[in-house]
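Colleague: Kindly generate the corresponding structure for this input.
(2 chains)
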Number of protein chains: 2
Amino acid sequence: MQIEFWFEFASTYSYLSAMRLPKEAAKAGVSVRWRPFLLGPIFAAQGWNTSPFRIYPAKGKYMWRDMERRSQALGLPLAWSDTFPQNSVLASRVAQLALQTDQGVAFCQAVYTAEFGQGHDISQTPVIADCLAQSGLPADLIDRALQDDNKLALRRTNEEAARRSIFGAPSFMVGDELFWGDDRLDDALEWALKHV
Amino acid sequence: MQIEFWFEFASTYSYLSAMRLPKEAAKAGVSVRWRPFLLGPIFAAQGWNTSPFRIYPAKGKYMWRDMERRSQALGLPLAWSDTFPQNSVLASRVAQLALQTDQGVAFCQAVYTAEFGQGHDISQTPVIADCLAQSGLPADLIDRALQDDNKLALRRTNEEAARRSIFGAPSFMVGDELFWGDDRLDDALEWALKHV
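Modeller: Numbers count the residues shown, from 1 in each chain, chains lettered A, B, ... in the order given. Next comes the predicted model:
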């Protein structure tokens, strides 16, 4: 059984899922394919030029309060930052390569912790270099991430997200069955056990 | 301990909460104040002229699939209707009066069942009359619901919703603590037990 975890590094609720998914999936006996992607192009196609949490202030204010409650319940640190949503292009490009190694999940979790746990700016190369070091990956992954073939691979992933009707993050795909939001993580795992 | 249940008759996820809340709240020992309101004015203030599930088709398609899964899990009937979102003004006005009686919750559940369980159009007076009959309430509540003081009361409730930063439905308020969405029903009840 496998599920795909579609996540966006700029997404607060993706942070919650990224931190708890490995344990929950292992408990359920489900394997996970990590799929970093960018919401920017998907939001742009809906006419949004930034996060809906910016466009709709009441929703944004609520989201941060909800994140406080949820991260506390999960025992995760949360550093509110005015830089939201962050530019996640560099992190996503590096994650694509990192996820080809055994340290990929550790790298993704290090990025999320830097961003939402400690309030660092993940668009900055030194922050990403630090996340690579923390997860035991070589710093030259950054250079390789900036090569054309890797940039193109991220674009293809984004096209796939749009084609498969993914409209937000985190999203979980079990075959063609879509589950949207950290609140559907358990349902997605259960679906994988029952239907795949 | 009390929570306020802010619901909109046109809202699919409010249907799920309306049907399961009485049992869950009783189990938790929390009392519930039912607050029917209209999302229309709140959405209009955000620049939306209809449901976001209409404005964003991928999200709308997902919502119906998610509703199928959730209503099945809860053992609730679901009749998909192309008339979405329905005009819920009449139902809300009648509900305000019905909720002043012991049959108010039964009436609200009858409306939701007619709409989302059976696919009826709740903007139609005979449908609402039938819901009143089912819940043991007099048909003349409809005439009384259309009087100016009752119309004004609904407008005041909507103003209160906006003032308290409610931006979607269902919403649960525990004092000033806002919980949005059927997925937060349990958290709201737990909050009421711990903090009130």
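Colleague: hmm, the helix or strand harbouring A:K194 in reach of chain B?
Modeller: Using DSSP states H and E, A:K194 maps to helix A:185-195. Yes. Applying Cβ under 8 Å from any Cβ of the partner chain, one finds that helix A:185-195 is in contact with chain B at A:D187. C-betas here are computed from N, CA, C, even on glycine.
Colleague: residues making contact with that helix?
Modeller: Residues external to helix A:185-195 that are found in contact with it (Cβ atoms under 8 Å, 6 or more residues apart in numbering or on different chains): A:1-3, A:17, A:20-21, A:24-25, A:28-30, A:170, A:172, A:174-175, A:177, A:179, B:69.
Colleague: what is the mean pLDDT for that helix?
Modeller: Helix A:185-195 carries an average pLDDT of 96.
Colleague: Any idea how far it is from the middle of the chain?
Modeller: Distance of helix A:185-195 from its chain centroid, counting by Cα atoms, centre = their mean, to the nearest Å, is 19 Å.
Colleague: buried ones in that helix?
Modeller: Going by neighbour count (16 or more other Cβ atoms under 10 Å in any protein chain shown), the buried part of helix A:185-195 is A:185, A:187-192.
Colleague: do stretch A:52-71 as well
Modeller: A:52-53, A:56, A:58-60, A:62-63, A:66-67, A:70-71.
Colleague: same deal with stretch A:96-114?
Modeller: For stretch A:96-114, the neighbour count (16+ other Cβ under 10 Å) marks A:96-99, A:103-114 as buried.
Colleague: and chain A, which residues reach chain B?
Modeller: Of all the residues in chain A, those lying near chain B are A:46, A:56, A:58-59, A:61-62, A:65-66, A:69, A:165-168, A:178-181, A:183-184, A:187, going by Cβ under 8 Å from any Cβ.
Colleague: one step back: taking the buried residues of stretch A:52-71 together, which two end up most distant?
Modeller: A:Y56 and A:S71 (21.4 Å; Cβ to Cβ).
Colleague: Tell me how many other residues crowd the residue nearest to A:Y56 when sequence neighbours are not counted.
Modeller: Taking Cβ to Cβ, 6 or more residues apart in numbering or on different chains as the measure, A:Y56 lies nearest to B:Q46, with 5.5 Å between them; neighbours along the chain are not counted. Look at B:Q46: counted by other Cβ atoms under 10 Å in any protein chain shown, it has 15 neighbours.
Colleague: So for B:Q46, what's the pLDDT?
Modeller: pLDDT, B:Q46: 84.
Colleague: Identify the residues contacting the lowest-mean-pLDDT helix or strand in chain A?
Modeller: In chain A, the helix or strand scored least confidently by mean pLDDT, DSSP states H and E is helix A:52-55, which has a mean of 86. In this structure, residues lying in contact with helix A:52-55 by Cβ under 8 Å, 6+ apart are A:12, A:43, A:48, A:59-60, A:63, A:84-85.
Colleague: make it 7 Å
Modeller: A:48, A:59-60, A:63 (Cβ atoms under 7 Å, 6 or more residues apart in numbering or on different chains).
Colleague: Please apply the same query to stretch A:151-160.
Modeller: Residues lying outside stretch A:151-160 but in contact with it, judged by Cβ under 7 Å, 6+ apart, are A:35, A:37-38, A:41, A:92-93, A:96.
Colleague: of all the contacts of helix A:52-55, which comes closest to chain B?
Modeller: Ranked by distance to chain B (Cβ to the nearest Cβ), the contacts of helix A:52-55 are led by A:K59 at 5.2 Å.
Colleague: ok now do the closest one, which residues does it touch?
Modeller: Residues touching A:K59, when contacts are defined by Cβ under 7 Å, 6+ apart, comprise A:52-53, B:167.
Colleague: could these be laid out in JSON lines, adding distance to A:P77?
Modeller: Written out in JSON lines, the entries for these read as follows (distance: Cβ to Cβ, whole Å):
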{"residue": "A:P52", "distance to A:P77": "24"}
{"residue": "A:F53", "distance to A:P77": "20"}
{"residue": "B:F167", "distance to A:P77": "27"}
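Colleague: shaky segments in chain A?
Modeller: Per-residue confidence of chain A (counting by pLDDT under 70) places the weak regions at A:196.
Colleague: switch to 90 and redo it
Modeller: By pLDDT under 90, the weakly predicted segments of chain A are A:1, A:43-57, A:80-83, A:195-196.
Colleague: can you map out the helices along it?
Modeller: Chain-ordered helices for chain A, with DSSP state H as the definition, fall at A:12-28, A:40-45, A:52-55, A:57-74, A:89-98, A:104-112, A:125-134, A:141-145, A:148-163, A:185-195.
Colleague: mind checking which of the ones you listed is nearest B:P126?
Modeller: For the helices of chain A, the distance to B:P126 is smallest for helix A:57-74, at 36.7 Å, taking Cβ to Cβ.
Colleague: so how far is that closest one from its chain's centroid?
Modeller: Counting by Cα atoms, centre = their mean, helix A:57-74 comes out at 17 Å from the chain centroid.
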